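Colleague: A structural model of the following input is requested.
(one chain, ligands or ions: 2)
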Amino acid sequence: MLADRIRERPAAPLSRAASRLDALLEPFLAAPNRRALLGSSAARASVDLASATEDEVRRVAAELPRGLRVFLTDPIELDACLRRIGDLDAAPDSDAAVDVRIETEDDILRCRGRARAAASRMGFSQVVATKLITAVSELARNAFQYAGGGTVSVRCLFEPRRGVEVVATDSGPGIAHLGDVLAGTYKSKHGMGMGLRGTKALMDEFDIRTGPRGTTITIRKFL
Ligand SMILES: Nc1ncnc2c1ncn2[C@@H]1O[C@H](COP(=O)(O)OP(=O)(O)OP(=O)(O)O)[C@@H](O)[C@H]1O
Ligand SMILES: [Mg+2]
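Modeller: Ligands and ions are numbered 1, 2, ... in the order given. Sure, this is the predicted structure:
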């Protein structure tokens with residue numbers, strides 16, 4: 001029985017890496033169940049949660065879905081929870097950039113997932129993570145809508161400041177009225193005309209280069 005095995009594991013303290021996993025499960029499970037789930041998954045992965053490293057926590061994450069099926073019976077909740085664990089698994093291992101090609105509308109969702117994974121890896125709060133994900137969405141959608149696609153590159157920053165950097169590049173026609181767009185006086189034919197302005201407001205750093213051969217936008221959000 002799962003519950004018996006769980007009792008063999010100490011519930012606390014959790015390492016910093018493991019407590020992020022714990023926080024990830026928070027919306028889905030009440031506290032005792034969450035601890036039990038982590039404990040049993042850690043036991044299966046042979047990891048001590050009190051000192052678990054980032055890589056070890058990923059091994060625990062891979063074991064979690066088995067336990068989740070025991071605890072969650074609602075298929076929608078289960079899907080949502082598994083998706084979030086999948087994002088954690090998709091988080092980059094190092095400060096190497098992860099590139100997502102934008103060719104279809106679905107790729108915008110993949111960009112969001114990468115941004116969420118990077119935010120979770122860096123320990124962003126829910127509020128700051130949502131700002132980053134929203135900004136990445138806007139850039140990816142613009143590249144898809146106005147440039148026929150492009151690339152979104154997501155990178156975790158460690159030195160000198162912890163944060164996430166996202167570079168959205170395309171080879172489209174460029175942004176003709178950039179001054180008006182950023183001033184909020186541009187009348188968009190397609191949307192609200194607030195995507196880039198909003199993105200700039202949400203981020204700590206925002207740099208844009210645009211011309212007839214394409215557009216590159218770099219945004220950074222720090223912890
Ligand atoms: N990557 C891009 N390549 C070419 N033009 C772009 C690109 N991104 C934005 N634009 C142009 O800049 C305008 C403003 O973009 P912005 O994202 O701010 O607003 P929007 O896309 O029009 O509306 P919203 O994002 O609010 O739905 C767009 O209408 C489009 O003409
Ligand atoms: Mg837009």
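
Colleague: right, and the helix or strand after the helix or strand bottoming out on mean pLDDT in the chain?
Modeller: The weakest-scoring helix or strand in the chain, judged by mean pLDDT, DSSP states H and E, is helix 2-7 (a mean of 48). Scanning forward in sequence from helix 2-7 by DSSP states H and E, the next helix or strand is helix 16-25.

Colleague: buried set for the following helix or strand past that following helix?
Modeller: Scanning forward in sequence from helix 16-25 by DSSP H and E, the next helix or strand is helix 31-44. Residues 33, 34, 35, 36, 37, 38, 39, 40, 41, 42, 43, 44 are the ones in helix 31-44 that count as buried (16 or more other C-beta atoms under 10 Å). Any C-beta I mention is one placed from the backbone N, CA and C, and that applies to glycine too.

Colleague: restrict those to those near ligand 2?
Modeller: When C-beta under 5 Å from the ion is applied, no member of those is adjacent to ligand 2.

Colleague: show me which of those residues is closest to ligand 1.
Modeller: Checking the buried residues of helix 31-44 against ligand 1 by C-beta to the nearest ligand atom gives residue 34 as the nearest, at 37.8 Å.

Colleague: the closest residue to that closest one other than its chain neighbours - how many residues pack around it?
Modeller: Using C-beta to C-beta, 6 or more residues apart in numbering and skipping the chain neighbours, the partner closest in space to residue 34 is residue 25 (5.0 Å). Using other C-beta atoms under 10 Å, residue 25 has 20 other residues around it.

Colleague: likewise for residue 216?
Modeller: Neighbours around residue 216, by other C-beta under 10 Å: 16.

Colleague: which SS class is it?
Modeller: Following DSSP: H, G, I helix; E, B strand; the rest coil, the label given to residue 216 is strand.

Colleague: gap between it and residue 35?
Modeller: Residue 216 sits 46 Å away from residue 35, going by C-beta to C-beta, to the nearest Å.

Colleague: centroid residue for this protein?
Modeller: Residue closest to the average C-alpha location in the chain (C-alpha atoms, centre = their mean): residue 116, at 1.0 Å.

Colleague: what about residue 41, distance to ligand 2?
Modeller: 40 Å (C-beta to the ion, to the nearest Å).

Colleague: likewise residue 44?
Modeller: Taken as C-beta to the ion, the span from residue 44 to ligand 2 is 45 Å.

Colleague: ok, that residue - contacts?
Modeller: Residue 44 sits next to 63, 66 when contact means C-beta atoms under 8 Å, 6 or more residues apart in numbering.

Colleague: report the buried residues of stretch 47-62.
Modeller: So stretch 47-62, judged by 16+ other C-beta under 10 Å, has buried residues 47, 49, 52, 56, 57, 58, 59, 60, 61.

Colleague: in those residues, find the pair that's most separated.
Modeller: Farthest-apart pair in these is 49 and 58; separation 13.0 Å (C-beta to C-beta).
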